[in-house]
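Chemist: structure here, sequence nowhere to be found:
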């Protein structure tokens, strides 16, 4: 028996010097050895053998070719392990994904249909044809799409192709939330009170909800990822929630069966990673805290949880393993629990697939979960004992989405990534992404850009690294949720670990408004903007004449400016001294800023009074400089004396009245229309349903009135901020 890390060390040209931190090895590497090293690199300067605790038998048999029935970052993630093991990979893709990163990464790639998932990634016949053409021996389904589809697993078995996941029997038992509750009760797992059966229609949903007692959770039996799920606090919400969730489930999973159970108010969402083989062995790889959510979808995860003590961890893990064994589980899976304030935990569901947030478990255990899934599917035994699974440090994952965090904590955004730089130069940072500069974020798929993962010896170390990584992450061309992520990870409650699934609405009761800067932070930001103005002025003093000779005019060393961030205008004096430092006086602040950055770089690593501060230069216009600071985008007005004198005479921008309009909050597809011209509507009445990234959103009238104009039709695609319906 030999660890994968040991094998890599013996077969690659690694530099010998390094340090060991709680069992994890960190080594410096030189550029000449990169091509020979078969391990997962996460930084350019400092490398961690992420899979230092991964075990396998030397020379054991393995698959020669695996098809990945998925797209995006998870396809790239599976391929990275396959390439490390020398296994050839096959990608399937839709026509709009033909130039995607995962397609270029695969050894072979085949188009299976147009963009809609029902015509491509969910099209079993087309995928099976590719398997036959390529001779793939196994299929890894990733997460979502067909990953929990027992029919797909069954059809693969019929043609002798291995499904890298559990058996169709296990998928049926655990993937079906109605059946899984019955199985869990038999395995003596702690249960949430609920209705033991399928709910057929809206009226039955109301009756069942009343019997259980509000609030209730209405969710799809085959659901996952927050889709097909609603919370209802009364009869009206039960009817609407059932209708929307049922339609959403049919669209996302091809299965619209619904169930209802008691909603535990203000819980934590904590899950257990399990790993099983075909020989009756099963382990739990400790817990992940997944309580930071919006619309029942996870946003930030960490491992381990600050809330779980060793006794609770052991009990949760043992129940998770007992549940897995009761259905003959043979792969990686996740058992999700709701945990109340007294550490009582209740079974929520089991995801019979690789979980989105698996990287943070890999970081603290050193186990390559994808590798172990492949080994188990090949019939090999797990070589770990439960005592081998330790908690080594702390890890966080921030899901970086193409979303507008100022709209309901994140409504989807689409566009092309005009500039994209991941912060992988920072030690102890891992980016699991499926996009590159130039990639398109479309309405057809999940708007995930990247799973940004950091790790450290302590929770605070991992958080500090995450803050630096978010500050340095360059994303242009789409709206993204980094402002929200960056604010959360430094918020007092979160830093203390005082969280629940209600964290976001409780912390931001009026919605997320961006980072609230202190006065010193505001003045620091304005000072940097003034330095940018000064550097641009200096650059304009140097140019090439028609003979190609450098011409330099007399360069200024002092600037008298006026800066404002909100309404208050500050006089600013900027002086470039002999030590090549900008000395800035603004308000009561005297700041010395090193002239060590260039306007060509999107990231400014500034030294302000000797302290490191990270800014991003977004855009520069006459009198306006847009900068990202502490995650949030700010526009700083910087004016010279002569411009400041006339600025007050500029007319104020007129704000349009939109109360009589229903405006698209995101790009999407009009799923249904509930009104026509001439209809009377009440305030809050639904006028249409907009589907975006497989989620259905009910849009309502902002006031009582008569429908004047309907600008869209059912099935039509709309852009963000389009006017859909107008009232008189």
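Modeler: Nice, thanks for sending it over. In this text, all values refer to a predicted model and were calculated from it rather than measured experimentally.
Chemist: most centrally placed residue in the protein?
Modeler: residue 399 (2.0 Å; CA atoms, centre = their mean).
Chemist: quick check: the gap between it and residue 409.
Modeler: Residue 399 sits at a distance of 12 Å from residue 409 (criterion: CB to CB, to the nearest Å). (C-beta placed from N, C-alpha, C; glycine too.)
Chemist: name the residues contacting each of those two.
Modeler: Counting by CB atoms under 8 Å, 6 or more residues apart in numbering, the contacts common to residue 399 and residue 409 are residue 299.
Chemist: number of nearby residues for residue 307?
Modeler: 18 (other CB atoms under 10 Å).
Chemist: show me the contacts for it.
Modeler: Neighbours of residue 307 in contact, by CB under 8 Å, 6+ apart: 268, 270, 289, 339, 343, 497.
Chemist: in contact with residue 340, which residues?
Modeler: Contacts of residue 340 by CB under 8 Å, 6+ apart are 264, 267-268, 346.
Chemist: again, but for residue 713
Modeler: 670, 673.
Chemist: ok so, going back, hang on, the residue nearest to the centre of the chain packs against residue 448?
Modeler: Yes - if you go by CB atoms under 8 Å, residue 399 and residue 448 touch, sitting 6.2 Å apart.
Chemist: I'd assumed residue 476 was in contact with residue 417.
Modeler: Yes - counting by CB under 8 Å, residue 476 is a contact partner of residue 417 at 6.9 Å.
Chemist: now stretch 567-575: how far from the chain's centre is it?
Modeler: From the chain centre to the centre of stretch 567-575 is a distance of 39 Å (CA atoms, centre = their mean, to the nearest Å).
Chemist: use 439 as the first number from now on
Modeler: Got it, the first residue is 439 from now on, which makes the last one we talked about stretch 1005-1013.
Chemist: re the thing from before, which one's more surrounded, residue 855 and residue 914?
Modeler: Neighbour count, other CB under 10 Å: between residue 855 and residue 914, residue 855 has more, with 20 against 17.
Chemist: follow-up on the earlier one: report pLDDT for the residue nearest to the centre of the chain.
Modeler: For residue 837, the pLDDT comes out at 98.
Chemist: mind checking how far residue 719 is from residue 822?
Modeler: Counting by CB to CB, the gap from residue 719 to residue 822 is 9 Å.
Chemist: again, but for residue 564
Modeler: Residue 564 is 38 Å from residue 822, by CB to CB.
Chemist: can you check residue 524 too?
Modeler: In terms of CB to CB, residue 524 sits 23 Å off from residue 822.
Chemist: of the two, which one has the most company?
Modeler: Taking neighbours as other CB under 10 Å, residue 524 and residue 822 compare with residue 822 leading, 18 against 9.
Chemist: what number of residues lie near residue 1023?
Modeler: 15.
Chemist: confirm it sits in a strand?
Modeler: Yes - assignment of residue 1023 by DSSP: H, G, I helix; E, B strand; the rest coil places it within a strand.
Chemist: for it, which residues count as its bridge partners?
Modeler: Beta-bridge partners for residue 1023, by DSSP bridges, are residue 1011, residue 1028.
Chemist: and residue 549, bridged to which residues?
Modeler: Applying DSSP bridges, one finds that residue 549 bridges with residue 531.
Chemist: surely it touches residue 529?
Modeler: No - between residue 549 and residue 529 there is no contact under CB under 8 Å: 9.8 Å.
Chemist: phi first, then psi, for residue 563.
Modeler: phi -60, psi -40 (degrees, to the nearest 10).
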